[in-house]
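Participant: Provide a 3D model corresponding to the input given below.
(one chain, ligands or ions: 1)
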Amino acid sequence: MDFSLSVEETAVRDWVRTFVQRELMPLEQEVLRRERAGEPGLTGEELHDLQAKARESGFWGVQTPESYGGMGLSAVMTALLEAELGRTFVPFYFGGAADNILFQASDEQQAEYLLPTIEGKRRSCFAITEPGAGSDAKAIRTTARKEGSEWVINGEKTFITGGNEADFAMVFAVTDPEKGAEGGVTCFLVDRDMGWRSEYIDTMGEWGPASLIFSDVRVPERQILGAEGNGFQLAMQWIGRGRYLLPARAIGSCERLLSMAIEHANTRETFGAPIAERQAIQWMIADSGVELEALRWLVLQAAWQVDAGMDSRHAQSMAKLYGGVRANEIVDRVMQIHGGMGYTRELPVERWYRELRLLRIYEGTDEIQRRTIARNLLKGHAKVGGVLG
Ligand SMILES: Cc1cc2nc3c(=O)[nH]c(=O)nc-3n(C[C@H](O)[C@H](O)[C@H](O)COP(=O)(O)OP(=O)(O)OC[C@H]3O[C@@H](n4cnc5c(N)ncnc54)[C@H](O)[C@@H]3O)c2cc1C
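Facilitator: You can find the predicted model right below:
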């Protein structure tokens, strides 16, 4: 068993680490100031310039296949890269990416949606959740009714990331109520100018998703992504594209937070000694260190399963669940170690505290991950001893 990184993995990791230190961390104070003033941390132009800078060194389309001009990096390399990006809260992501399900689009749709999305000229959003259907995605009620050569969409989607900025949505609607999720849900590519509107949802995070309202929105037949009736499978494929990537980012955030806590513990004195000398503080540092390492290996193991072409869903659920729960424990301890300063907006700890909370909710809540993990174990779909057992 070899836990060391390859030369290529080390090179990718080091490049991103340097990029984060040189290009992103210097922006942190300004990003904090803007977000606290209710403005985006980075303007679209700044994000674009940073992405262009990364592109000059080849960092573009991290998981986009090379045939589409991307890097086509492995899951393990992408997890390492995400962890590095997680070390800062500057809202940066590499350019050149597109939703995995758009690669299944027809040639005509690829030219209209996929390629401009990869180039950053168009912005998509993924819309399945509704006011009455979140964890239970099969309960969606948005309908698409066929009228001649058109489909007429009616319904409301909610909590849609990027829904305010997107110029087209991948919308999941019931086309055959009898069949429901078993062949009766279809995915449509719907441009904003076809008639849907969005409403911003204020959240405890620094950015908000949106509700999308469809009221008799008419779309031609050619807007169906994939085939009529296979929408639910496409939705599951989108959600399953990389659950390991969300906790991967949290690894970097927790590394940075724990480093802040260590520095503060070593320098803050109470009762004549640094608080680092108190067992209460040491235990918080120790537990956080252990959990961080456990999270790292859960994430990398899930990514390794993806690269090996194994059914990685169980491992990904474990990484997502553990990452959400432990990252929140860690940021809470780091806030505790900082005392009153941790609670202020002078430090980014409270910002991470709010941001990391989302990890326990979106793309499958803690409870839904536990449900999946328990089912797999109880029904024998996954072995108690894991892949080595
Ligand atoms: C910031 C943000 C961004 C999002 N982005 C998107 C997006 O881009 N696209 C999109 O389609 N959706 C998006 N979502 C929606 C997100 O995936 C859902 O909020 C999530 O799946 C939970 O659904 P819900 O909010 O309806 O909660 P519910 O499903 O109503 O759950 C409420 C509570 O009950 C628990 N629960 C539910 N069922 C069970 C069960 N069987 N057993 C035990 N406990 C259960 C849940 O875990 C939760 O604690 C986003 C949400 C947020 C907050």
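
Participant: Which of the helices or strands spans residue 94?
Facilitator: Per DSSP states H and E: residue 94 is located in neither a helix nor a strand.

Participant: Skipping adjacent residues, who's closest to the residue in the stretch 1-150 of the chain that the ligand sits nearest to in space?
Facilitator: Residue nearest to the ligand within the stretch 1-150 of the chain (CB to the nearest ligand atom): residue 134, separated by 1.8 Å. The way it works is simple: take the backbone N, C-alpha and C, and place the C-beta from them, glycine included. Among residues not flanking residue 134 along the chain, residue 159 sits closest, at 7.5 Å (CB to CB, 6 or more residues apart in numbering).

Participant: Give the burial count for the one you found, as a bare number.
Facilitator: 20 (other CB atoms under 10 Å).

Participant: Need phi/psi at the residue of the stretch 1-150 of the chain closest to the ligand.
Facilitator: With angles defined as degrees, to the nearest 10, residue 134 sits at phi -120, psi -90.

Participant: And it, how far from residue 128?
Facilitator: Distance, residue 134 to residue 128, using CB to CB, to the nearest Å: 9 Å.

Participant: More neighbours: which of those two?
Facilitator: residue 128 (25 against 17).

Participant: any idea how far residue 371 is from the ligand?
Facilitator: For residue 371, the distance to the ligand (CB to the nearest ligand atom, to the nearest Å) stands at 5 Å.

Participant: what's around that residue, how many residues?
Facilitator: Quick note: residue 371 (other CB under 10 Å) scores 14 neighbours.

Participant: same check, this time on residue 226
Facilitator: Residues near residue 226, counting by other CB under 10 Å: 17.

Participant: pretty sure it is touching residue 235, no?
Facilitator: No - if you go by CB atoms under 8 Å, residue 226 and residue 235 don't touch, sitting 10.5 Å apart.

Participant: gap between the residue lying closest to residue 364 once chain neighbours are set aside and residue 140?
Facilitator: The shortest distance from residue 364 to any non-neighbouring residue, by CB to CB, 6+ apart, is to residue 320 (6.4 Å). Remark: distance between residue 320 and residue 140 (CB to CB) = 22 Å.

Participant: more neighbours, those two?
Facilitator: residue 320 (29 against 25).

Participant: Just to be sure, that one is in a strand?
Facilitator: No - read with DSSP: H, G, I helix; E, B strand; the rest coil, residue 320 is helix and lies in no strand.

Participant: Could you number the chain from 573 rather than 1 from now on?
Facilitator: In the new numbering, first residue 573, that becomes residue 892.

Participant: Could I get the contacting residues of it?
Facilitator: Residue 892 sits next to 815, 816, 818, 819, 931, 935, 936, 941 when contact means CB atoms under 8 Å, 6 or more residues apart in numbering.

Participant: how does it look with 7 Å?
Facilitator: By CB atoms under 7 Å, 6 or more residues apart in numbering, the contact set of residue 892 is 815, 818, 819, 936, 941.

Participant: Distance to the ligand, pLDDT and neighbour count added to these, as CSV?
Facilitator: Listed next are those as CSV, based on distance: CB to the nearest ligand atom, whole Å; pLDDT from 0 to 100; neighbours: other CB atoms under 10 Å:
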residue, distance to the ligand, pLDDT, neighbour count
815, 12, 91, 25
818, 11, 95, 22
819, 16, 97, 30
936, 6, 94, 23
941, 9, 97, 23
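
Participant: need the residues you listed in a markdown table with secondary structure and distance to residue 683, can you?
Facilitator: Conversion of those to a markdown table gives the following (DSSP: H, G, I helix; E, B strand; the rest coil; distance: CB to CB, whole Å):
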| residue | secondary structure | distance to residue 683 |
| --- | --- | --- |
| 815 | coil | 30 |
| 818 | helix | 31 |
| 819 | helix | 35 |
| 936 | coil | 33 |
| 941 | helix | 38 |
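
Participant: Looking at those residues, which is nearest residue 739?
Facilitator: Nearest to residue 739 among the contacts of residue 892, counting by CB to CB, is residue 818 at 25.1 Å.

Participant: Tell me the residues of this protein that contact the ligand?
Facilitator: The chain comes close to the ligand at residues 698-701, 706-707, 731-733, 775, 781, 930, 933-935, 937, 939-940, 943, as judged by CB under 6 Å from any ligand atom.

Participant: Any quick ChimeraX command for the buried ones out of those?
Facilitator: In ChimeraX, this line selects whichever of the residues of the chain next to the ligand come out buried by 16 or more other CB atoms under 10 Å:
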select :698,699,700,701,706,731,732,733,781,935,937,940
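
Participant: Next up, the contacts around the residue most central in space within the chain.
Facilitator: Centroid-nearest residue in the chain: residue 818, 4.7 Å away (criterion: CA atoms, centre = their mean). Residues counted as contacts of residue 818 (CB under 7 Å, 6+ apart) are 892, 895, 931, 935.

Participant: taking the residues you listed one by one, which sit in helices?
Facilitator: 892, 895 (DSSP state H).

Participant: Report the lowest-confidence entry in the contacts of residue 818.
Facilitator: Across those, the bottom pLDDT score, 92, is held by residue 935.

Participant: Surely that residue touches residue 816?
Facilitator: No - taking contacts as CB atoms under 7 Å, residue 935 lies outside contact range of residue 816: 11.1 Å.

Participant: Contacts for stretch 834-843 next, please.
Facilitator: If you take CB under 7 Å, 6+ apart as the criterion, stretch 834-843 is touched by 846, 847, 848, 853, 857, 909, 910.

Participant: out of the residues you listed, which is most surrounded?
Facilitator: Ranked by neighbour count under the definition other CB under 10 Å, those are headed by residue 909 with 25 neighbours.

Participant: Would you mind measuring from that one to residue 899?
Facilitator: For residue 909 relative to residue 899 (CB to CB), the value is 16 Å.

Participant: domain assignment for this structure?
Facilitator: Listed domain ranges for the chain are 579-671, 696-810, 814-954 (source: automatic domain parsing).
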